[in-house]
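Novice: What follows is a protein structure lacking sequence information:
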């Protein structure tokens with residue numbers, strides 16, 4: 001009796017870069033970034049986002065997620081007008097993808113208005 005052997009060869013690799021990343025809900029206190037995942041390299045993957053201040057290249061935040069490449073940061077308290085670079089990666093057991101970079105992210109502040117203080121306002125209907 002002859003027995004056959006079936007061999008599967010599965011090539012695993014680093015994941016492909018994240019795609020179509022977009023920034024929304026950008027204020028001095030919050031940031032939301034959504035991306036589409038690329039090929040996972042044949043292995044489970046998770047996702048990493050770095051928020052880097054430019055031009056100083058200071059890493060301000062490093063966040064990871066295991067579900068989808070969607071990141072929401074709240075309570076940042078960043079100075080308005082400072083520019084940042086958002087760097088995103090997919091990561092698996094073979095390494096991390098090439099970076100997906102979003103340049104020129106500038107946080108906006110809340111406008112402060114001053115004016116005359118009005119007191120004792122009387123309305124008649």
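Specialist: Received the coordinates, thanks. All values reported here derive from a predicted model rather than from experimental measurement.

Novice: quick one: average pLDDT of stretch 54-67?
Specialist: Across stretch 54-67, pLDDT averages out at 93.

Novice: Endpoints of that stretch, how far apart?
Specialist: 29 Å (C-alpha to C-alpha, to the nearest Å).

Novice: Next, the buried residues of it.
Specialist: residue 61 (16 or more other C-beta atoms under 10 Å). C-beta here means a position set from N, CA and C on the backbone, and glycine is covered the same way.

Novice: How far does that stretch sit from its chain's centre?
Specialist: 8 Å (C-alpha atoms, centre = their mean, to the nearest Å).

Novice: for stretch 40-56, same thing?
Specialist: For stretch 40-56, the distance to the chain centre is 8 Å (C-alpha atoms, centre = their mean).

Novice: Now tell me what touches that stretch from outside.
Specialist: Identification of contacts with stretch 40-56 by C-beta atoms under 8 Å, 6 or more residues apart in numbering yields 10-16, 18, 31, 33, 35, 37, 58-66, 68-69, 71, 73, 82-94, 96, 103.

Novice: can you give me the strands for the protein?
Specialist: 19-24, 30-36, 46-53, 58-65, 70-74, 83-92, 95-96, 100-106 (DSSP state E).

Novice: Okay, now the sheet partners of the fourth one, with direction.
Specialist: Translated: strand 58-65. In the sheet, strand 58-65 lines up against strand 46-53 (antiparallel) (DSSP bridges).

Novice: what residues does stretch 12-26 touch?
Specialist: Under C-beta under 8 Å, 6+ apart, the answer for stretch 12-26 is 31-43, 45, 47, 69, 72, 86, 88-100, 102, 105, 107-108.
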